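Q: When you get a sec, could you give me coordinates for this:
(one chain, ligands or ions: 2)
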Amino acid sequence: MKVSNHKGTALVIVLIGPPGAGKGTQCEQLAATLQIPHISTGHLLREYAGGSSAIGEQVKAFINAGNLVPDSLVRDVLEERTIRPDCARGFILDGFPRTRAQAKMLQATLLWLRNAFDLRVLRLIVPTPVLLARLSSRLICPACGTAYNASGRTPLRNGICDVDGRALTARADDLPSTVRERLRIYDQEVAALASFYQERGVLTDIDGNQTVAEVAADFLRALNLQPILDLEKSATQATHSGLRTEDELR
Ligand code: AP5
Ligand code: MG
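A: Ligands and ions are numbered 1, 2, ... in the order given. Take a look at the predicted model:
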């Protein structure tokens, strides 16, 4: 499905949610539906951590302790990715921003990329016991990052990624003690992050404790995007496009 966000501006979707909420799972589907890239800072940083550089080793230590990676490094990773041509129509951010300071950093990055964009923010709400159960059984593809488990997506061949045939592995930061630290940091930061977007009228909460397909359907309803052929009609019907200019973001 090709979609329009009424104004022909870049569509930027931010997905907020605790570890295990299903951000990656939903972003993958949404990216395929909307034909815009899915950018997971966690996945990009894990790739970085897999290298042999000194910075890679430092990133690995932050991730494996369940801590946030320093903002300067995350910003570099994000800017390097969003400047690529495939982001021209927009992109979906998974795991960024995670703090109010990073939300402001994103605004600066978006302004640097272009001066008008359509920003939508979706927050997945999932009870902690469900998150713990999902993460304790998660396997991921080390190459493409696709996540699997018994209750979410199950691979067609046991232990093998459907996308690229690689052997699935557990994530190093899915150890119970690390998951507890990641949840603690999320709980500590999410209220200020959510209020940043609530104040700007762009935040929608989604019940993430449903099947993958039900959550995906709620996402599309919340985004309320129009098929591209309805461009003219949607322009006259639109009452609120979420379009933000540089002045509105200050
Ligand atoms: P990141 O990779 O972003 O991890 P996270 O936020 O902890 O989230 P997860 O990837 O664990 O969960 P998810 O919500 O994507 O769930 P998934 O779809 O896999 O970040 C990792 C680390 O990188 C951070 O701790 C930090 O160190 C660093 N980092 C990243 N971004 C940073 C930033 N901006 N600043 C600083 N540091 C940063 O689903 C989970 C499982 O549940 C899967 O097995 C899936 O199959 C299953 N599932 C999904 N949906 C459903 C469903 N509806 N029903 C049943 N099962 C489901
Ligand atoms: Mg993820």
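
Q: Whether stretch 91-102 contacts ligand 1 - can you check?
A: Yes: using C-beta under 6 Å from any ligand atom, we find that stretch 91-102 touches ligand 1 at G95, F96, R98, Q102. C-betas here are computed from N, CA, C, even on glycine.

Q: Drop anything exposed from the residues you listed.
A: Among these, those buried by neighbour count (16 or more other C-beta atoms under 10 Å) are G95, F96, R98, Q102.

Q: Name the nearest of the residues of stretch 91-102 next to ligand 1 relative to T33.
A: Closest approach between those and T33, by C-beta to C-beta: G95, at 19.5 Å.

Q: show me the contacts for F91.
A: A10, V12, I13, I36, P37, H38, I39, T82 (C-beta atoms under 8 Å, 6 or more residues apart in numbering).

Q: from memory the last one sits against F117, does it?
A: Translated: T82. No: the pair T82 / F117 is not scored as a contact, 11.1 Å apart, by C-beta atoms under 8 Å.

Q: follow-up on the earlier one: among the residues of stretch 91-102 next to ligand 1, which one lies nearest to ligand 1?
A: Comparing the residues of stretch 91-102 next to ligand 1 against ligand 1 with C-beta to the nearest ligand atom places G95 closest, at 2.9 Å.

Q: For the closest one, give me phi and psi.
A: Main-chain dihedrals, G95, degrees, to the nearest 10: phi 90, psi 10.

Q: Show me the longest helix that occurs in the chain.
A: Counting by DSSP state H, the longest helix found in the chain is helix 176-199.

Q: near ligand 1 at all, that one?
A: Yes: Helix 176-199 is in contact with ligand 1 by C-beta under 6 Å from any ligand atom, via R182.

Q: Tell me which other helices or strands that helix touches.
A: Contacts defined by 3 or more C-beta pairs under 8 Å, 6 or more residues apart in numbering; DSSP states H and E place helix 176-199 against strand 10-16, helix 100-113, strand 116-125, helix 128-136.

Q: Report the angle between the first one and helix 100-113.
A: This points to strand 10-16. 170 degrees (axes from the mean of the first three to the mean of the last three C-alpha atoms, to 10 degrees).

Q: helices or strands up against strand 10-16?
A: helix 23-34, strand 90-94, helix 100-113, strand 116-125, helix 176-199.

Q: Mind listing the strands the shortest one pairs with, and their directions?
A: As defined by DSSP bridges, the strand partners of strand 90-94 come to strand 10-16 (parallel), strand 38-40 (parallel).

Q: Restricting the selection to alpha carbons, write the longest one to PDB.
A: So that's strand 10-16. Output in PDB follows, covering the C-alpha atoms of strand 10-16 (Å, rounded to 0.1, in the frame of the first residue of the first chain):
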ATOM      1  CA  ALA A  10       8.300  13.200   4.900                       C
ATOM      2  CA  LEU A  11       6.400  10.900   7.300                       C
ATOM      3  CA  VAL A  12       8.300  10.200  10.500                       C
ATOM      4  CA  ILE A  13       6.900   7.600  12.800                       C
ATOM      5  CA  VAL A  14       8.400   7.200  16.300                       C
ATOM      6  CA  LEU A  15       7.600   4.000  18.200                       C
ATOM      7  CA  ILE A  16       8.000   4.100  22.000                       C
END
